[in-house]
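S.K.: fold the following, please.
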Amino acid sequence: MSEPAERVAATCPACAPAFETAHEVLKPGGQATVRCGECGHVHKTRIAAPETVELDVVVSQDGESSTARTDAPVGESVAVGEEFVLDTPEALLTVRITGVEAGDEQRIESAPVGEVETLWTRVVGNVRVDVTLNPAEGAREETRAITVPVPGDYEFRVGESEDLGGERFEIKGIHLREDASGYGFPTLDHEGDMAFAKDIARLYADDESSSAWSAW
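M.R.: Below you'll find the model as predicted:
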């Protein structure tokens, strides 16, 4: 399915030279090519770029923090839980807002862009998920912890087995991050319960990495 065409308000030299009507953008740019929604006339017009302000962004990833800056349109608001693409000198990062800082270092849930001083975020495009592995039945090994790197939208499901990071394990429970939303409970432990990797604080699983699963 194709993306809906961008629409802008502009005057039309054919039918509405004195007031703005809705136009479809055919070719974007400084002098954009547009089609009038009233009469269908195609013409060029200048589309003003939206006014923006520059915001400080603190980025958390794998226990480390860095800083960046991003432009945000004036007139919009930002809120904890929202995700956006942050352009840094190193890479394009998909991040989730974990805190909004306004004046006097006050942390709030949301605010108009013009009132924001700093956005606190964490990377959710690619994440590392902590896993606590219970030893296989009859094994002498102790419970151990591993970390597996996966895309942020990778799905983990209770009751399913995974082959990741050279390990095989069956998921028994999923503990969610504080900023995860839409799940209803902080811990998922029913067969078939699913969570995205970016929302997970820790997986609890049974270790299946044994000779029974070895390719040799």
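
S.K.: only C-alpha atoms for contact and neighbour calcs from this point on.
M.R.: OK.

S.K.: from G182, how far off is the spatially most central residue of the chain?
M.R.: Centre of the chain computed as the mean C-alpha position; nearest residue by Cα atoms, centre = their mean is E83, 3.9 Å away. To G182, E83 is 15 Å away according to Cα to Cα, to the nearest Å.

S.K.: and if you look at S110?
M.R.: For S110 relative to G182 (Cα to Cα), the value is 18 Å.

S.K.: higher neighbour count, these two?
M.R.: S110 (19 against 6; other Cα atoms under 10 Å).

S.K.: so what's that one bridging to?
M.R.: A79 (DSSP bridges).

S.K.: now I200
M.R.: Beta-bridge partners, per DSSP bridges, of I200: L176.

S.K.: mind listing what E191 touches?
M.R.: 157-159 (Cα atoms under 8 Å, 6 or more residues apart in numbering).

S.K.: now, those residues that are in strands?
M.R.: R157 (DSSP state E).

S.K.: contacts only, for the nearest residue to P151 once chain neighbours are set aside.
M.R.: Excluding the flanking residues, the one nearest P151 by Cα to Cα, 6 or more residues apart in numbering is N126, at 4.3 Å. By Cα under 8 Å, 6+ apart, the residues touching N126 are 149-152, 198.

S.K.: among those, which one has the most neighbours?
M.R.: Counting by other Cα under 10 Å, top hit in these: K198 with 26 neighbours.

S.K.: and the longest strand seen in the chain, what does it pack onto?
M.R.: In the chain, assigned by DSSP E, the strand with the most residues is strand 16-27. Secondary-structure packing of strand 16-27 (3 or more Cα pairs under 8 Å, 6 or more residues apart in numbering; DSSP states H and E): strand 7-12, strand 31-36.

S.K.: for these, which one sits closest to D56?
M.R.: Among the helices and strands packed on strand 16-27, the nearest to D56 by Cα to Cα is strand 7-12 (29.7 Å).

S.K.: could you give the mean pLDDT of that closest one?
M.R.: Throughout strand 7-12, pLDDT has a mean value of 89.

S.K.: same deal with stretch 67-86?
M.R.: pLDDT averaged over stretch 67-86 gives 92.

S.K.: and that stretch, what's buried?
M.R.: 72, 78-81, 83, 86 (16 or more other Cα atoms under 10 Å).

S.K.: tell me the one of those residues nearest E141?
M.R.: G81 (39.2 Å).

S.K.: if I follow the layout properly, the closest one ends up in contact with G182?
M.R.: No - counting by Cα atoms under 8 Å, G81 stays clear of G182, with 10.9 Å between them.
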